[in-house]
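Engineer: Provided below for reference: sequence and predicted model.
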Amino acid sequence: MKQDVMLSICGIQRYEGQEPDKIELMTVGTLETVAEDTWLVTYEESELTGLTGTSTTFRVRPGRVELSRSGSLESSMIFEEGVQHDSLYQMEFGALRVSVCAKKIRCSLTEAGGSIQVLYSIGIEDDTMGTVEYRIEVQPRDKK
């Protein structure tokens, strides 16, 4: 089942030697059940995130979250606690190799909404950069 939802998204990037960079936004999206224990949360990026023209999808299942972006930016990241995953981050000027390792994953999604929290370390090429945390609250939209 696929339904329209309101998403409250908070992203915090912490890079060594820099002040934390925090983005908070509310946007519409969809919540879809694709299997008994697998959910898709999808939304369109905006100017606020600097990714206009990009669709973002979180695929959530027990112990694993996959983040994929398509459109003006192409990327895919897999998060599993304690497991490093490498991927390519395709941008206008070329691709970067990105390594992520989840430190914490907490998800509680049902048809009534719920939340996703992912905290992970990130490295670009061979340099450790810092940590990123996503917190997403999902609420069904009122039908009017």
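Structural biologist: Nice, I can see it.
Engineer: Going by C-alpha atoms from here, please, whenever you check contacts or count neighbours.
Structural biologist: Fine.
Engineer: so where do the strands sit in the chain?
Structural biologist: Assignment of strands within the chain using DSSP state E yields the ranges 2-15, 21-35, 38-44, 54-61, 64-71, 74-79, 84-91, 94-110, 113-124, 127-140.
Engineer: Which residue, other than its chain neighbours, is closest to the most centrally placed residue in the chain?
Structural biologist: Centroid-nearest residue in the chain: residue 67, 4.9 Å away (criterion: CA atoms, centre = their mean). Leaving out its chain neighbours, the residue that sits closest to residue 67 by CA to CA, 6 or more residues apart in numbering is residue 58, at 4.7 Å.
Engineer: any idea how far residue 35 is from that neighbour?
Structural biologist: Residue 58 sits at a distance of 14 Å from residue 35 (criterion: CA to CA, to the nearest Å).
Engineer: of the two, who's got more company?
Structural biologist: Shown here are residue 58 and residue 35; by other CA atoms under 10 Å, residue 58 has more neighbours (20 against 10).
Engineer: For this structure, give me the ranges with low pLDDT.
Structural biologist: Residue ranges of the chain with pLDDT under 70: 48, 91, 143-144.
Engineer: still on that earlier bit, okay, and the beta partners of the residue nearest to residue 67?
Structural biologist: Counting by DSSP bridges, residue 58 forms beta bridges with residue 41, residue 67.
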